[in-house]
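Asker: please find the sequence and the predicted model below.
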Amino acid sequence: MRVCACVCVSRLYNGTKTSSPHISTAIMDLKVAFVIICLCALAITSTEGIPKCCITTKKFIPGRLLRKVQRYEMQKDSGACDITALILHIKGLSRPVCADPQVLERMISLSKKIKLHKYRTH
């Protein structure tokens with residue numbers, strides 16, 4: 001919608017004819033400023049609403065990676081994303097790992113075993 005407004009106003013300015021070179025320079029400066037403002041508005045509105053969704057999931061995540069999970073979040077299929085997924089943020093990896101939601105049960109079980117083992121050895 002904003003792009004349409006930019007094009008319409010730009011066409012309006014193109015139709016005017018002036019006799020003074022100072023006025024035409026001012027109109028040209030105004031056109032350039034208007035185009036820059038329109039481009040900035042377009043850039044801001046196009047980048048703020050892009051969700052980061054998992055598009056595939058891994059059914060199996062090795063235990064050595066599950067031990068390094070710093071945090072996790074659940075992606076729901078009811079919002080902007082198409083599938084339900086467990087998003088794992090793993091220490092040492094730059095990108096999150098998209099896992100099947102059933103991996104959460106295995107991760108919790110592994111975490112309990114590690115805590116139990118630490119409790120018994122100390």
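Answerer: Good, I have the coordinates.

Asker: from now on I want contacts and neighbour counts done on CA atoms only, so please keep to that.
Answerer: Noted.

Asker: can you spell out the domain ranges of this structure, please?
Answerer: 2-47, 63-121 (automatic domain parsing).

Asker: any idea how far the longest one is from the chain center?
Answerer: Think domain 63-121. 21 Å (CA atoms, centre = their mean, to the nearest Å).

Asker: same check, this time on stretch 34-41
Answerer: In terms of CA atoms, centre = their mean, the centre of stretch 34-41 is found 22 Å from the chain centre.

Asker: quick one on the thing from earlier: tabulate the domains of the chain (CSV), appending mean pLDDT and mean neighbour count.
Answerer: As requested, those are exported to CSV (pLDDT from 0 to 100; neighbours: other CA atoms under 10 Å):
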stretch, mean pLDDT, mean neighbour count
domain 2-47, 66, 12
domain 63-121, 90, 14
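
Asker: reformat those as JSON lines; add distance to residue 54.
Answerer: Converted to JSON lines, the domains of the chain look like this (distance: least, CA to CA, whole Å):
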{"stretch": "domain 2-47", "distance to residue 54": "18"}
{"stretch": "domain 63-121", "distance to residue 54": "6"}
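
Asker: closest one to residue 57 among the ones you listed?
Answerer: Closest to residue 57 of those is domain 63-121 (CA to CA; 4.5 Å).

Asker: elements contacting the lengthiest helix in the chain?
Answerer: Of all the elements of type helix in the chain, the one with the most residues (DSSP state H) is helix 21-47. If you count contacts as 3 or more CA pairs under 8 Å, 6 or more residues apart in numbering; DSSP states H and E, helix 21-47 packs onto helix 2-14.

Asker: does residue 72 lie in a helix or a strand, and which?
Answerer: Secondary structure assignment for residue 72, by DSSP states H and E: strand 69-75.

Asker: who touches the helix or strand that the longest helix of the chain is followed by?
Answerer: With elements assigned by DSSP H and E, the helix or strand that comes after helix 21-47 is helix 63-66. Contact partners of helix 63-66, identified using CA atoms under 8 Å, 6 or more residues apart in numbering, comprise 90, 107, 110.

Asker: from those residues, which ones fall inside helices?
Answerer: Among these, the members that lie in helices (by DSSP H) are 107, 110.
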